[in-house]
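# sequence unavailable; structure follows:
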């Protein structure tokens, strides 16, 4: 190990982690720190990650994953990114956005006038329109998906927000676009973010679509289906197979090379118009989590960012002062996903399974040894406060609070809705008596979600109730004799 160099083990990192880790000062792991342009040093930082990138397009339902974000955060910038505290942070180097009207809600986006893809093509209207078209859920195939919903032409990890926008209007070359919402949308600042905007000119060339803008303007389904075929699958990547013609950058780094099952190398993007990258080269080594501490000790990597585990912490502590260990909350999450096409289409089974997941055991065995103050995420307001419900309530109350959160996602019937309302009121009274404004805010968010879900429940079932088709209905249509 190189003496005097202090390497970094991260248990939590914001979306800008790769760039932040490249400021090594005099403890330069490799290279001679000779200046390469204003602010960029001839320096290689090697980072360990457990999985290889799966797709250059991180926006589809099939490919949206953290393993892609690790590479793309500084390759595919957007109008905002997650700041170190997890908040939405405008990326003013990429462009700016501002609300221009409340009623109707309008937001104006302006690309930096120097913004170009690394292949020289201007970032403008066609890229913006493609982002909307691919995520709004507007274009449908006419078929049904397995869950009974309409099958979409473009695969998307989520339509939220985009589905409330009117079709944006702009012309080829425009770098200012105004979006009009069909109804108020509180999270308007979190649209068109990092890795969300894909190069439309690549879609045109690879799909044979003559003009993406015209295809979207005219709702030309034949052309849109051709565009979607490439958009959905054309950027899926096999290990070691890098096609630079379809992977232009919109950030300070470009993907330069890829050695299958070994590493991916990022180099400085000479066309980047913003703040220069600190290091000339970032190498992402694909190393299993259990081997990352040893790789750090052997100076094979300078940064690791594994899932926090007690044994790994002990390994790092045993290395000594040459390693700096930072622990904390991570703004990504491990999750269980139900496949509604199988047995889990039954809401009662989903509810039963969810209530059997040993959440507290997971926290006690995996999280508390690393972060002793951590409790279940459903009892914590991560993004701002660190005050816990447990400070003001008993363990029995905490269990009831957890059950309340789970019940809302289990398709409750009308009797269950009555019980949920009573419990929400109970917790609202409890929270107002406690010194925990953070948890009161969590509860208010939960009440808002409950209101939304209840409206959906009534809308879905009202006609059956009135027509007497539901024997368990909370109300029925009746007649009187006018007396």
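Structure received. Computed from a predicted structure; not experimentally measured.

# and stretch 266-285, how far out from the chain middle?
23 Å (Cα atoms, centre = their mean, to the nearest Å).

# pLDDT averaged over that stretch - what is it?
Per-residue pLDDT over stretch 266-285 has a mean of 96.

# likewise stretch 188-208?
On average, stretch 188-208 scores 97.

# any buried residues in the host helix or strand of residue 416, and which?
According to DSSP states H and E, residue 416 maps onto helix 414-433. In terms of neighbour count (16 or more other Cβ atoms under 10 Å), helix 414-433 has its buried residues at 414, 417, 420, 424, 427, 430-431. From N, CA and C alone the C-beta is placed, and that goes for glycine too.

# just checking, what packs against that helix?
helix 395-407, helix 437-466 (3 or more Cβ pairs under 8 Å, 6 or more residues apart in numbering; DSSP states H and E).

# of those, which shows the lowest average pLDDT?
Minimum mean pLDDT among these: helix 395-407, a mean of 56.

# so how far is the helix holding residue 416 from its chain's centroid?
Distance of helix 414-433 from its chain centroid, counting by Cα atoms, centre = their mean, is 31 Å.

# just the mean pLDDT for that helix, thanks.
78.

# quick one on the thing from earlier: which among the buried residues of helix 414-433 gets closest to residue 316?
Among the buried residues of helix 414-433, residue 431 lies closest to residue 316 (Cβ to Cβ), at 38.4 Å.

# surely residue 99 meets residue 107?
Yes - between residue 99 and residue 107 a contact is recorded at 5.4 Å, counting by Cβ atoms under 8 Å.

# overlap in contacts of the two?
residue 188 (Cβ atoms under 8 Å, 6 or more residues apart in numbering).

# who has more neighbours, these two?
Legend: neighbour count by other Cβ atoms under 10 Å for residue 99 and residue 107, higher for residue 107 (21 against 11).

# beta partners for that one?
residue 99, residue 179 (DSSP bridges).

# touching, residue 275 and residue 39? I think so.
Yes - the criterion here is Cβ under 8 Å, and residue 275 meets it with residue 39 at 6.9 Å.

# for the strand or helix carrying residue 360, the distance to its chain's centre please.
Residue 360 belongs to helix 359-362 when assigned by DSSP H and E. Centre-to-centre, helix 359-362 and its host chain are 24 Å apart (Cα atoms, centre = their mean).

# buried stuff in it?
residue 359.

# with stretch 179-194 instead?
Buried-residue list, stretch 179-194, by 16+ other Cβ under 10 Å: 179-181, 185, 188-194.

# report the two of these separated the most.
180 and 194 (23.7 Å).

# how near is residue 89 to residue 59?
According to Cβ to Cβ, to the nearest Å, residue 89 stands 20 Å off from residue 59.

# who's more crowded, these two?
Between residue 89 and residue 59, counting by other Cβ under 10 Å, residue 59 is the more crowded of the two (24 against 18).

# point out where the chain drops to low pLDDT.
1-38, 85, 147, 327-333, 368-411, 431-442, 471-473, 475-483 (pLDDT under 70).

# quick check on residue 325: phi, psi?
phi -110, psi 120 (degrees, to the nearest 10).

# just list whatever residues bridge to it.
residue 9.

# burial of it, as a residue count?
There are 15 residues near residue 325, going by other Cβ under 10 Å.

# that one contacts residue 317, correct?
Yes - between residue 325 and residue 317 there is a contact under Cβ under 8 Å: 7.2 Å.

# quick one, the helix holding residue 416 and helix 437-466 angle?
Orientation check (axes from the mean of the first three to the mean of the last three Cα atoms, to 10 degrees): helix 414-433 against helix 437-466 gives 160 degrees.

# please shift the residue numbers so they start at 4 in all later answers.
Got it, the first residue is 4 from now on, which makes the last one we talked about helix 417-436.

# who are the contact partners of the residue lying closest to residue 125 once chain neighbours are set aside?
In space, and not counting its chain neighbours, residue 125 is closest to residue 119: 5.5 Å by Cβ to Cβ, 6 or more residues apart in numbering. Applying Cβ under 8 Å, 6+ apart to residue 119 gives the contacts 125-126, 274, 276.

# closest to residue 159 out of those residues?
Closest to residue 159, out of all of those and judged by Cβ to Cβ, is residue 126, at 20.6 Å.

# residues touching that closest one, list them.
Contacts of residue 126 (Cβ under 8 Å, 6+ apart): 114, 118-120, 178, 200, 253.

# of the residues you listed, which is the most crowded?
residue 253 (27 neighbours).

# and stretch 145-165, how far apart are its ends?
Start-to-end span of stretch 145-165 (Cα to Cα, to the nearest Å) is 20 Å.

# mind listing what's buried along that stretch?
In stretch 145-165, counting by 16+ other Cβ under 10 Å, buried: 155-159, 164-165.

# of all the residues you listed, which two lie farthest apart?
Farthest pair in these, by Cβ to Cβ: 156 and 164, 18.7 Å.

# one step back: and which of the contacts of residue 126 is nearest residue 85?
residue 200 (16.1 Å).

# does that closest one touch residue 79 like I think?
Yes - with contacts counted by Cβ under 8 Å, residue 200 reaches residue 79, the gap being 7.2 Å.

# what's near enough to touch residue 121?
251-253, 257, 272-275.

# tell me which element the residue lying closest to residue 83 once chain neighbours are set aside is part of?
Nearest residue to residue 83 in three dimensions, chain neighbours excluded: residue 196, at 4.8 Å (Cβ to Cβ, 6+ apart). Of the helices and strands defined by DSSP H and E, none includes residue 196.
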